[in-house]
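Asker: sharing a model prediction with you, sequence too.
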Amino acid sequence: VQLVESGGGLVQPGGSLVLSCAASGYSGSSDYRAWFHQAPGKEREGVAAVYTGDGSTYYADSVKGRFTISQDNTKKTVYLQMNSLKPEDTGMYYCAANLRGGSWYWAGNYKYWGQGTQVTVS
């Protein structure tokens, strides 16, 4: 299984970005796909997740109303629409797949990870 993120970059506060996470070697059905944020010097934190089976979505309080997670029809690509970006949103963003149990927002519960994409809000 390979997860490849793209779409990061430099954006001004209040701006928007769309991150993509493409999966290969992975069926994508009936699983949780998530985005995590890791700020410099901090632990990886769950931002948003989607259950690929029925499209249910979950968000951290810090991004509710600003970020939207979605999946394509194949359930192999997941997107993160990021609006009203703030400097504190700066950091690496990782996508994850294959929740092995427990809460969607704990990094240790996922089996597969991408390499990450950098988002800088400044």
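Answerer: Structure received. Numbers count the residues shown, from 1 in each chain.

Asker: next one, pLDDT for the closest residue in space to M82 that isn't next to it in sequence please.
Answerer: Of all residues not flanking M82 in the chain, L17 sits nearest, at 4.8 Å (C-beta to C-beta, 6 or more residues apart in numbering). Placement of C-beta: from N, CA and C, glycine included. According to the prediction, L17 has pLDDT 98.

Asker: of all residues in the protein, which one is nearest the centre?
Answerer: Centroid-nearest residue in the chain: W35, 1.8 Å away (criterion: C-alpha atoms, centre = their mean).

Asker: report the contact partners of that one.
Answerer: The contact partners of W35, by C-beta atoms under 8 Å, 6 or more residues apart in numbering, come to 19, 21, 46-49, 69, 78, 80, 93-96.

Asker: returning to that earlier point: number of residues surrounding the residue nearest to M82?
Answerer: Residues lying near L17 (other C-beta atoms under 10 Å) number 21.

Asker: looks like it contacts V119 (just checking).
Answerer: Yes. When contacts are counted by C-beta atoms under 8 Å, L17 is listed as touching V119 (6.3 Å).

Asker: shared neighbours, those two?
Answerer: G8, G9, V11, M82, L85.

Asker: now the closest residue to Q2 other than its chain neighbours: how far from G114?
Answerer: Once flanking residues are discounted, Q2 sits nearest to S24: 4.8 Å by C-beta to C-beta, 6+ apart. Going from S24 to G114 by C-beta to C-beta, to the nearest Å gives 11 Å.

Asker: show me the shaky parts of the chain.
Answerer: For the chain, the stretches with pLDDT under 70 are 28.

Asker: among the shared contacts of L17 and V119, who's most crowded?
Answerer: Neighbour-wise, these (other C-beta under 10 Å) top out at M82, 27 neighbours.

Asker: quick one: residues contacting that one.
Answerer: By C-beta under 8 Å, 6+ apart, the contact list for M82 reads S16, L17, V18, L19, V63, R66, F67, D89, V119.

Asker: in ChimeraX, how would I select just the buried ones from the residues you listed?
Answerer: If you want just the buried ones from the contacts of M82 in ChimeraX, going by 16 or more other C-beta atoms under 10 Å, the selection is:
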select :17,19,63,67,89,119
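
Asker: can I get the contacts of M82 in a markdown table including distance to L3 and secondary structure?
Answerer: Shown next, in a markdown table, are the contacts of M82 (distance: C-beta to C-beta, whole Å; DSSP: H, G, I helix; E, B strand; the rest coil):
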| residue | distance to L3 | secondary structure |
| --- | --- | --- |
| S16 | 23 | coil |
| L17 | 18 | strand |
| V18 | 16 | strand |
| L19 | 12 | strand |
| V63 | 20 | helix |
| R66 | 23 | coil |
| F67 | 18 | strand |
| D89 | 21 | helix |
| V119 | 17 | strand |
